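Asks: A predicted structure for the sequence below; I have some questions about it.
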Amino acid sequence: MSTGDTSKSDDYESVLAGSSRNVASFERKRSTLENIQHMLHSNPSLVPLIVLTASVLIFGLYLGSRFMSAFALTLILQQVAIVGIVGAAQSLVILIAGIELSVGAIMVLSSVVMGQMAMNVGLPAPLAIAVGFGVGALCGAINGFLVAWVKLPPFIVTLGTWQIFLATNFLYSANETIRSQEIAQEAPLLQFFGESIRFGGAVFTFGVIAMVLLVVGLAYALNNTAWGRHVYAVGDDAEAAELSGVQVKRTVLSVYILAGVICAFAGWVLIGRLGSVSPTSGQFTNIESITAVVIGGISLFGGRGSIMGMLFGALIVGVFNLGLRIIGTDPQWTYMLIGFLIIGAVAVDQWIRKVSA
């Protein structure tokens, strides 16, 4: 350094002598309420987990061993297995800011195709199941194409295909049920997910185990793969995602196809749950899946939420159903409480979004 530079440096030091060198901070301290809001935004499944834990504890304290037994708690899992699987499909679609009203119809149509292919056409059970999965994928592809490429609103598209798939189901099956005894004799693989294993008083059907594995697998894919990050990005802001290089149309199509395949899987589990193939089953599964998603903290605006939260939401409904049934209350009270939970979940979501903006 030259002598001139050294003298300039000394001049600066003399000017700054005695002055505070701290950088001004414009960040105000968050209140406790704001810290809670930001924590809930970072962990969207925390609210349904808290509600689920509180519900189990309250019913457990009131009902004692009638509710807090291994059999009763695993019975809840059995009751929500179908909704949990279909809710996984619904979660994927809602995460991209869509909606899937045809999930129940795809599930039932796929199960009917599996049954008809195995029992009436004479295909081997594995091949019949594969055809059912293909039907689910095709239904999802139709929805995805109309939403992504034709640019029709998801609500209108799936409202229309719900009616189309449901009518196809009734026309194809001639509204006839395939009985459990017939399936057990000729295609027992169709009833695989109705079989169970026991651990003491706990009873786990293979359908319950499949639901848990599916949710865990999808949670990993959403949080640890490029595809999962694209799903969240499309739901958060599709235009920004496209500008950043995300192939939005392909992502949307992949989500709807995967949702259709998951619904077909739910159809297979449904056969195991019922033991038979019924074209009239699962009439309200679409509404039940949306209920699980909303109570589970997944935002209907897309781009935020956890599929684990959906599972907690489904379990909350199951806890209320079983708890109030043991108490002996009118079933309408269950619907009323679930209605309050839905409104409360949406209000909490709006509150969190406002603070995080």
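Replies: That came in fine, so what should we check first? Numbering: from 1, shown residues only.
Asks: Name the nearest residue to V86, sequence neighbours excluded.
Replies: Spatially, and ignoring its direct neighbours in sequence, V86 is nearest to S289 (4.5 Å; CB to CB, 6 or more residues apart in numbering). To be clear about C-beta, it is placed using only N, CA and C from the backbone, and glycine gets the same treatment.
Asks: separation between C139 and M107?
Replies: Going from C139 to M107 by CB to CB, to the nearest Å gives 10 Å.
Asks: out of those two, which sits in the busier spot?
Replies: Taking other CB atoms under 10 Å, C139 and M107 do not tie; M107 has more neighbours (33 against 28).
Asks: Following the helix or strand hosting the more buried one in sequence, what is the next regular element?
Replies: Element membership of M107, judged by DSSP states H and E, is helix 103-116. Scanning forward in sequence from helix 103-116 by DSSP H and E, the next helix or strand is helix 125-148.
Asks: buried residues in whichever helix or strand comes after that following helix?
Replies: Toward the C-terminal end, the helix or strand that comes next after helix 125-148 (DSSP H and E) is helix 154-173. In terms of neighbour count (16 or more other CB atoms under 10 Å), helix 154-173 has its buried residues at 154, 157-158, 161-162, 165-166, 168-169, 173.
Asks: Next: stretch 55-63.
Replies: Under 16+ other CB under 10 Å, the buried positions of stretch 55-63 are 55-56, 59-60, 63.
Asks: which one among the residues you listed gets closest to Y256?
Replies: Closest approach between the buried residues of stretch 55-63 and Y256, by CB to CB: S55, at 32.9 Å.
Asks: Report the separation between the closest one and V113.
Replies: With distances taken as CB to CB, S55 is found 38 Å from V113.
Asks: before we move on, what about L61?
Replies: Distance, L61 to V113, by CB to CB: 47 Å.
Asks: and if you look at A226?
Replies: For A226, the distance to V113 - CB to CB - is 33 Å.
Asks: same thing with S180?
Replies: According to CB to CB, S180 and V113 sit 18 Å apart.
Asks: Ok, N175 next?
Replies: Separation of N175 from V113 (CB to CB): 15 Å.
Asks: quick one, which of those two is more surrounded?
Replies: The neighbour count for N175 versus V113, taken as other CB under 10 Å, is higher for V113 (26 against 11).
Asks: what's near enough to touch the more buried one?
Replies: Going by CB atoms under 8 Å, 6 or more residues apart in numbering, V113 touches 128, 131-132, 135, 172.
Asks: Are any of those residues buried, and if so which?
Replies: 128, 131-132, 135.
Asks: Can you pull out the low-pLDDT segments for this structure?
Replies: Within the chain, the segments meeting pLDDT under 70 span 1-31, 33-34, 36-38, 40-42, 353-357.
Asks: That one: strands as residue ranges?
Replies: Ranges of strands within the chain are 196-199, 202-205, based on DSSP state E.
Asks: what about A238, neighbour count?
Replies: Close neighbours of A238, defined as other CB under 10 Å, add up to 19.
Asks: That one and E182, how far apart?
Replies: In this structure, A238 and E182 are 48 Å apart, going by CB to CB.
Asks: try C139
Replies: Distance from C139 to E182, by CB to CB: 26 Å.
Asks: ditto for I82
Replies: 22 Å.
Asks: ditto for T32
Replies: As judged by CB to CB, T32 and E182 stand 62 Å apart.
Asks: Tell me which of the two has more neighbours.
Replies: Each of T32 and E182 has its neighbours counted (other CB under 10 Å); E182 has more, 15 against 7.
Asks: what residues are up against the more buried one?
Replies: Contact partners of E182, counting by CB under 8 Å, 6+ apart, are M119.
Asks: which stretches of the stretch 251-357 of the chain form helices?
Replies: Ranges of helices in the stretch 251-357 of the chain, per DSSP state H, counting those that start in this stretch, are 285-295, 307-327, 331-356.
Asks: Show me what the first one is in contact with.
Replies: Among residues not part of helix 285-295, those counted as contacts by CB under 8 Å, 6+ apart are 48, 51, 80, 82-84, 86-87, 89-91, 94, 99-105, 107, 162, 266, 300, 305, 310-314, 316-317, 338, 341-342, 345-346.
Asks: among the residues you listed, which ones are buried?
Replies: For the contacts of helix 285-295, buried by 16+ other CB under 10 Å: 48, 51, 80, 82-84, 86-87, 89-91, 94, 99-105, 107, 162, 266, 300, 305, 310-314, 316-317, 338, 341-342, 345.
Asks: Skipping its backbone neighbours, what lies nearest L322 in space?
Replies: Of all residues not flanking L322 in the chain, I76 sits nearest, at 5.5 Å (CB to CB, 6+ apart).
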